[in-house]
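Enquirer: coords please:
(one chain, ligands or ions: 1)
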Amino acid sequence: MEEERPVDEVLAFLDEDGAEVVLDEREAASLLALTSGLEGATVSACPGCRSRLLACSALVDLLDAAPPHGRAEELVELADEAPTRHLYVQDLASQCRHAKWRDPGAAEWMEVIAEFEEPRGIR
Ligand SMILES: [Zn+2]
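Expert: Now for the predicted structure:
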C-alpha cells in the first residue's frame with residue numbers, strides 16, 4: 001500500500017483554494033460522532049467512504065450546536081473564510097474510488113480534489 005501522506009492524517013477538509021484542516025483518526029471519529037456524521041451540513045456524500053461535500057454555513061451551525069471539539073474552531077474558520085459556499089472532505093484513509101458517487105456534488109468535489117491531489121502526491 002502506498003502512503004503519500006502521514007498515516008495519522010485520515011480526514012481532510014479543503015476549500016476551493018486548497019486551504020485545509022486535516023484530522024487524525026481519533027479527531028475524525030469524535031467529530032463525526034459529535035455531529036452525527038456531519039449529516040446536517042452534507043450536500044452530497046460518497047456512499048463508499050467518508051468523502052463528502054459540505055455547505056459552509058451549515059457546517060458552522062452544526063459545529064456551534066455540537067459539543068466542543070478540539071478542532072472545531074479551525075474548521076469554523078476554514079468554513080468562514082472559504083471562497084465558495086462549499087467545503088470538500090476527503091477520506092484519506094480509504095482506497096475508495098468513489099465510483100458509486102454520482103451526482104452534481106460528486107462532480108464538483110472531484111474537480112476540486114483533483115486540483116490539489118497531484119502536488120500533494122509529490123510532496
Ligand atoms: Zn468514496
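Enquirer: for the chain, what spans make up the helices?
Expert: Using DSSP state H, the helices of the chain run over 25-34, 56-65, 72-81, 104-122.
Enquirer: partner residues bridging the residue nearest the centre of the chain?
Expert: Centroid check for the chain by C-alpha atoms, centre = their mean gives V89 as the closest residue, at 1.5 Å. Under DSSP bridges, the beta-bridge partners of V89 are F13, R52.
Enquirer: kindly provide the distance from it to the ion.
Expert: Here the criterion is C-beta to the ion, to the nearest Å. By it, V89 lies 11 Å from the ion. All C-beta spots, glycine's among them, are computed from the backbone N, C-alpha and C.
Enquirer: got it, and G48?
Expert: According to C-beta to the ion, G48 and the ion sit 4 Å apart.
Enquirer: does that residue really touch C96, like I thought?
Expert: Yes. Contact criterion C-beta atoms under 8 Å: G48 and C96 qualify, at 4.4 Å.
Enquirer: neighbours of E74, just the number please.
Expert: Counted with other C-beta atoms under 10 Å, the neighbours of E74 add up to 15.
Enquirer: typed the wrong thing, it's D24
Expert: Residues near D24, counting by other C-beta under 10 Å, number 15.
Enquirer: also the one 3 residues further on?
Expert: Taking other C-beta under 10 Å as the neighbour definition, E27 ends up with a count of 17.
Enquirer: once you drop chain neighbours, what's closest to it?
Expert: R71 (5.5 Å; C-beta to C-beta, 6 or more residues apart in numbering).
Enquirer: list the contacts of the one you found.
Expert: The contact partners of R71, taken as C-beta atoms under 8 Å, 6 or more residues apart in numbering, are V21, L23, E27, L31.
Enquirer: now rank these by neighbours and give me the top one.
Expert: L23 (24 neighbours).
Enquirer: for the residue nearest to that residue when sequence neighbours are not counted, list the residues it contacts.
Expert: Spatial nearest neighbour of L23, excluding adjacent residues (C-beta to C-beta, 6+ apart): L11 at 4.6 Å. Counting by C-beta under 8 Å, 6+ apart, L11 touches V22, L23, E27, A28, L31, R50, V89, Q90, D91, L92, A93.
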